[in-house]
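Enquirer: Below is the sequence, then the predicted model.
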Amino acid sequence: MSFRFQKTILPSGVRIVTEEIPSVRSVSVGAWVGVGSRDEQDDEAGMCHFIEHMVFKGTTNRRMHHIAQRMENVGGYLNAFTSKEYTCFYARCLDEHLPRALDTVLDLVLNPVFPEKEIEREKDVVVEEMKMYEDTPDEYVFDLFDTALYGNHSMGRPVIGTEESVRGFDRGGLLDFLGRHYTAQNIVVSVAGHVQHDKVVRLVEKALAGHTPAGVDERPRVSPPTRTPESVEASRPIQQAHIILGARGIHVHDEERVALSVLNTILGGGMSSRLNQNIREKYGYCYNIYSFVNLHSDTGDIGVYMGTDGKKVDRAFKLIHREFDRLIERPITKTELQRAKSQSKGAIMLGLENMSSRMMRIGRQELYYGRYYTLDEILDLVEGITSEDIQRVASDLLDASRFSDIRLLPRA
């Protein structure tokens, strides 16, 4: 599959990145804003996510039902999501509808009106969303994990915020937050698929005409302080215990990130992983177990999630620690290393067959690195990982003394 990456920075500071793939007939468009839940003050908790909802309630150009229909009327798709460090509004459609897709997502970012009545109604919707997550134990346990790792820092809060904070939002506060953070230098437009870069630039310039996003978002991010590992226990009327063994990891710019990614594959990245083979297949302790890695701009975390019988929790933690110790004490074999590399590279290459994955890849790369990593660069980095690299990272990050354990147990 042939493709070509290009980048333009407009005089305003808005960045445009595209990846042209002539062999497809679709496009994926994303408007990224470099602001997430970690950038909120305590009384703003959940505001990024709430704004993500509210932009769909109307803009200066379109009413709410027009926004909902705009992409679906041409067989496309429109949505958004919020994370701890960025917000993304995106659309997918046939290449012939690229102008509509770009105009729509940029209208959401640049021209929301936040109708008063819709603000009050949406508060109820978001509170119901909170209840949904709290009723989903394999998601709620990660909120407990974040709080244990990051404490009162904004990284430790749920992206969605709290009912108290959301109930306190008003139109003035939303507009103020938008003006401070939805700045030109914070906006990245990424497009992947059957596109021409120059056309994308012209369409973005047209959408920005007469609209000047504010200057630079100058409030610096404050890194979370170090914390002593802790044990956290909560209960719910559930049938299964949901547990996490996790710790601080590395940030997105750390040179060890590729080795950590391969280590994650070996430890808990699929059916052939050590955790799956030794805890699920050998002992039958669980149906679902996996390891995870989260990389942020100045911090990160790693861990293992598992769902198991409440009576097996202590034994499960011991088995997980045993897998950590094995990775620390003994180099992995050449066969296992090559299998993990092949699995990692295969996942990367398969992901590139999806235009939305490509759009998100180049958007995140621009937000975090300000540059484009080619497929060959990434594959070479993966292929260059050695068993010594894996053991070194395991020794640095998998020491038992670093880990907090989270237990969400069935209520007796």
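Expert: Nice, thanks for sending it over. Here the structure is a predicted model, which is why all the values come from computation and not from measurement.
Enquirer: is it fair to say Asn288 lies in a helix?
Expert: No. Counting by DSSP: H, G, I helix; E, B strand; the rest coil, Asn288 is not found in a helix; it is strand.
Enquirer: Neighbours of Pro22, how many?
Expert: 14 (other C-beta atoms under 10 Å). Every C-beta, even on glycine, is put in place using the N, C-alpha and C of the backbone.
Enquirer: pretty sure it is in a helix, no?
Expert: No. Assessed with three-state DSSP, Pro22 is coil; it does not lie in a helix.
Enquirer: Show me the shaky parts of the protein.
Expert: 1-2, 212-218 (pLDDT under 70).
Enquirer: And it, what are its domain boundaries?
Expert: The chain breaks down by automatic domain parsing into domains covering 4-208, 231-410.
Enquirer: Could you dump the ones you listed into CSV with distance to Pro220 added?
Expert: Formatted as CSV, these follow (distance: least, C-beta to C-beta, whole Å):
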stretch, distance to Pro220
domain 4-208, 10
domain 231-410, 10
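Enquirer: Which of the ones you listed sits closest to Val222?
Expert: Shortest distance between Val222 and those, using C-beta to C-beta, is found for domain 4-208: 7.6 Å.
Enquirer: That closest one: how far from the chain's middle?
Expert: 13 Å (C-alpha atoms, centre = their mean, to the nearest Å).
Enquirer: Which parts of the stretch 51-200 of the chain are strands?
Expert: Here the stretch 51-200 of the chain has its strands, by DSSP state E, counting those that start in this stretch, at 77-82, 87-94, 187-193.
Enquirer: one step back: tell me which of the domains of the chain sits nearest to Pro224.
Expert: Comparing the domains of the chain by C-beta to C-beta, domain 4-208 comes nearest, at 4.1 Å.
Enquirer: distance of the most centrally placed residue in the chain from Ser37?
Expert: Note on the chain: the residue nearest the mean C-alpha position is Ser83, at 5.4 Å, using C-alpha atoms, centre = their mean. Ser83 sits 7 Å away from Ser37, taking C-beta to C-beta, to the nearest Å as the criterion.
Enquirer: Overlap in contacts, those two.
Expert: Val159 (C-beta atoms under 8 Å, 6 or more residues apart in numbering).
Enquirer: can you redo the strands of the stretch 51-200 of the chain as TSV with distance to Met155 and mean neighbour count?
Expert: Shown next, in TSV, are those (distance: least, C-beta to C-beta, whole Å; neighbours: other C-beta atoms under 10 Å):
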stretch	distance to Met155	mean neighbour count
strand 77-82	14	17
strand 87-94	16	22
strand 187-193	22	27
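Enquirer: Need these in TSV (columns: distance to Glu122).
Expert: Below are the strands of the stretch 51-200 of the chain laid out as TSV (distance: least, C-beta to C-beta, whole Å):
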stretch	distance to Glu122
strand 77-82	13
strand 87-94	16
strand 187-193	23
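Enquirer: Of the ones you listed, which is nearest Gly346?
Expert: With distances scored as C-beta to C-beta, the stretch of those nearest to Gly346 is strand 187-193 (19.9 Å).
Enquirer: Name the residues that touch the closest one?
Expert: Everything outside strand 187-193 that qualifies as a contact, by C-beta under 8 Å, 6+ apart, is 13-21, 24, 26-34, 95, 98, 102, 106, 109, 200, 204, 213, 355-356, 358-360, 362-363, 366-367.
Enquirer: try 6 Å
Expert: Here strand 187-193 makes contact (C-beta atoms under 6 Å, 6 or more residues apart in numbering) with 14-19, 21, 24, 26-33, 200, 204, 355, 358-359, 362-363, 366-367.
Enquirer: can you check stretch 223-237 too?
Expert: Stretch 223-237 is contacted by residues 137, 144, 148, 150-151, 153, 155, 298-299, 403-409, 411 when judged by C-beta under 6 Å, 6+ apart.
Enquirer: circling back to that earlier point, show me the contacts for the residue nearest to the centre of the chain.
Expert: Here Ser83 is in contact with Gly36 (criterion: C-beta under 6 Å, 6+ apart).
Enquirer: What are the buried residues along stretch 153-171?
Expert: 153-161, 165-166, 168-169 (16 or more other C-beta atoms under 10 Å).
Enquirer: Including distance to Ala91, could these go into a markdown table?
Expert: Conversion of those to a markdown table gives the following (distance: C-beta to C-beta, whole Å):
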| residue | distance to Ala91 |
| --- | --- |
| His153 | 33 |
| Ser154 | 29 |
| Met155 | 29 |
| Gly156 | 32 |
| Arg157 | 29 |
| Pro158 | 27 |
| Val159 | 22 |
| Ile160 | 23 |
| Gly161 | 26 |
| Ser165 | 29 |
| Val166 | 26 |
| Gly168 | 32 |
| Phe169 | 26 |
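Enquirer: quick one: which of the residues you listed is nearest Lys117?
Expert: Nearest member of the buried residues of stretch 153-171 to Lys117, counting by C-beta to C-beta, is Phe169, at 13.8 Å.
Enquirer: Report the secondary structure state of the residue nearest to the closest one when sequence neighbours are not counted.
Expert: Computed as C-beta to C-beta, 6 or more residues apart in numbering, the closest residue to Phe169 that is not its neighbour in sequence is Phe50, at 6.0 Å. Put simply, Phe50 is helix when judged by three-state DSSP.
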